[in-house]
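> Generate coordinates for the sequence data below:
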Amino acid sequence: MSERIVALTGNPNVGKSTVFNELTGMHQHTGNWIGKTVETKAAHFYYKYNDYTVVDLPGTYSLFHTSKEEEIAGDYLKQGKADCVVCVVDGSVLERSLVLVYQLLRITNRVVVLINLCDEAKRKGIYVDEVLLSDLLGVPVVKATARSGKGINALLEKIHLITTGALTPEPVLDFDAPLYQRAKEICSKTVTVYKEQKISKLDKIMLGKFTSFIAMAVVLGLTLWITVRFSNYPSELLKNAFDSFEAWLGARLNQIGAPVMLSGLFVHGVLRVLFWVVAVMLPPMAIFFPIFALLEDFGILPRLAFNLDYCFEKCGACGKQSLTCCMGLGCNAVGVTGARIIDSPRERLVAIITNSLTPCNGRFPLLIAVISMFFSKNSFVSMLILLALLGLSLAGTMLSSFVLSKTALKGVPSSFVMELPPYRRPQIIKTVLLSLKEKVAFVLLRAVSVAAPAGLIIWIFANVNIGGISLLNRISSVLEPIGALMGLDGVILLAFILGFPANEIVIPLVLTAYLSKKGILDYSSLDSLSAVLTENGWTVKTALCTCVFSMFHFPCSTTLLTIYKETKSVKYTLLSVAVPLSLGFAVCAIINLVC
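Have a look, this model is predicted:
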């Protein structure tokens, strides 16, 4: 049994990752927008006693180096390491894909053309004659619908024949004709269109001049409303279960004579913070991330990004930054790594530095709780207020991007072509399960890993006294003048600082300092929490400034570490702290002066 290498290439958004999944069984998430695969991925499969390694190359329109994706794909293919190259093309837009096919044929003859998305082509009234296309190209052509597995067996057989030498394709090349002209001629002979191609009614709304931003607001608003409306119940169930377990464990430790300090440190410090983070984060993430993935799979998110492209270009940034902002809604660390899809180093840095201005999933619990207590308990009204805050966040991102592009990161914005994919029926069960596994579990594990040491530090601050006053309260007193300028107080500022490992623990920290209790505190209801906050001087202005500072403050520890790994620069990592912090201070100070 020998090992052979199969390279998988093709334009963005032709279902290449789905083909990869079907061949290898890895079930990589298949997003419905460009820039999904930025780095190569590899996996194995076996067929007829042969071991195959499939290398999933980044989606590219050309093998000429004009982007990072094209550089990675082109360099790998030109090395000639692959025993077979599978070029995935979209059956509904064959002419565009054939340019890449011809570039491949000039490098190697070991090529299989896989016409994917044949079901979508059929719905559009487009038919491709694969037999004639194979004759005109001189290489095997296979038709497939990879989402359902149709055509994969035929593809495996062609790969096997080429890699074993049983089939030696002889490409038909016309070196005198331009590639685009040749592609057009081939399509005129092999493609039949028997339905008039029209812009869908949904696209007329999502991309309309006067309806696009309204549609964006409705989509995001509904997503937030569903998240807010249905996350409270499981959060309460988890909280009650964790409270019972904490009480039981505390009683058992007392029974065996465990030291009071050890019991307090572990149960009321580390364990309580861990339980809080899980109870608060898990339900919203388990709702938000799957909805986000379904919107991506259906094709809504690329259109949101398309609508924001012009705005970001005017700010001196790249339109692809809108994609990273969408990713940041789930997790800022994901948004930072997602900036790899931006080709320009300058514009990539702008996207990285400003990504934490997008409120991540971890900040939603604080925003939702404060909005419900001080503005409206109606879930619909709360959703509208939260949507307005997201609009403020977007404005802050664009303003910061504009300032950076005129100062520390000067430059002219680059242009890029964004392909809008067709709407596709999401694979609901598969998409939801993958989202829970790959996103929810990953983010929750990361949050838990930083929450444990945070609980230790908080317990120490609450229990170490100097002159009868805890360190928690002493430090908050030092921060009081700064907080007063921002419409806050020292306790709130200290809570944000100590919440650096996990934004979810800010509210419990505020309670701990206000009530001078030894350990992280929870609240049984929003009414009881509201009473405590009001007694300690909270007003509507305090609540508004707290929400604004929650959106505009330094990144969490995980995001900051991710920024350093992506930039390899202390300077830009510190700038990623300074930019949102400065904006948050300025906006809060203005609100404090005006209100």
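> CA atoms for contacts and neighbours, from now on please.
OK.
> mind listing the strands for the protein?
Secondary structure of the chain, counting by DSSP state E: strands at 3-10, 41-47, 50-56, 84-90, 111-116, 126-128, 141-143, 191-193, 465-466, 469-470.
> any chance of those strands in TSV, plus mean pLDDT and mean neighbour count?
Listed next are these as TSV, based on pLDDT from 0 to 100; neighbours: other Cα atoms under 10 Å:
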stretch	mean pLDDT	mean neighbour count
strand 3-10	90	22
strand 41-47	85	15
strand 50-56	89	20
strand 84-90	94	26
strand 111-116	94	26
strand 126-128	91	19
strand 141-143	95	22
strand 191-193	90	16
strand 465-466	84	12
strand 469-470	82	16
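> Let me know how buried Thr211 is, in neighbour terms.
Thr211 has 12 neighbours, counted by other Cα atoms under 10 Å.
> If you could redo that for Thr407, that was the one I meant.
Thr407 has 10 neighbours, counted by other Cα under 10 Å.
> what do you get for Phe461?
Neighbours of Phe461 under the rule other Cα under 10 Å: 20.
> so who does it touch?
Contacts for Phe461 (Cα atoms under 8 Å, 6 or more residues apart in numbering) come out as 470-472.
> and if we set it to 6 Å?
Neighbouring residues of Phe461 by Cα atoms under 6 Å, 6 or more residues apart in numbering: 471-472.
> Can you tell me how far it is from Leu349?
Using Cα to Cα, to the nearest Å, Phe461 is found at 36 Å from Leu349.
> Let me see the ranges of the helices in the stretch 351-500 of the chain.
Counting by DSSP state H, counting those that start in this stretch, the segments of the stretch 351-500 of the chain that form helices are 364-374, 379-406, 428-435, 441-463, 471-485, 490-498.
> circling back to that earlier point, in a markdown table: the strands of the chain, plus distance to Ala251.
Listed next are the strands of the chain as a markdown table, based on distance: least, Cα to Cα, whole Å:
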| stretch | distance to Ala251 |
| --- | --- |
| strand 3-10 | 59 |
| strand 41-47 | 50 |
| strand 50-56 | 54 |
| strand 84-90 | 62 |
| strand 111-116 | 62 |
| strand 126-128 | 70 |
| strand 141-143 | 66 |
| strand 191-193 | 75 |
| strand 465-466 | 26 |
| strand 469-470 | 26 |
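> Those: which one's closest to Leu498?
Taking Cα to Cα, strand 469-470 is the member of the strands of the chain nearest to Leu498, at 14.7 Å.
> Could you name the helices and strands sitting against the closest one?
Using 3 or more Cα pairs under 6 Å, 6 or more residues apart in numbering; DSSP states H and E as the contact test, no helix or strand touches strand 469-470.
> how many neighbours does Pro590 have?
Residue 590: Ile, not Pro. Ile590: 15 neighbours (other Cα under 10 Å).
> Glu296 too?
21.
> how close does it sit to Cys326?
Here Glu296 is placed at a distance of 10 Å from Cys326 (Cα to Cα).
> can you check Leu493 too?
28 Å.
> quick revisit: right, and the helices of the stretch 351-500 of the chain - which one's nearest Gly316?
helix 379-406 (5.5 Å).
> quick one: the closest one to helix 364-374, angle?
Per axes from the mean of the first three to the mean of the last three Cα atoms, to 10 degrees, the angle that helix 379-406 makes with helix 364-374 is 130 degrees.
> Buried ones in helix 379-406, by neighbour count?
379-380, 382-387, 389-390, 392-394, 396-405 (16 or more other Cα atoms under 10 Å).
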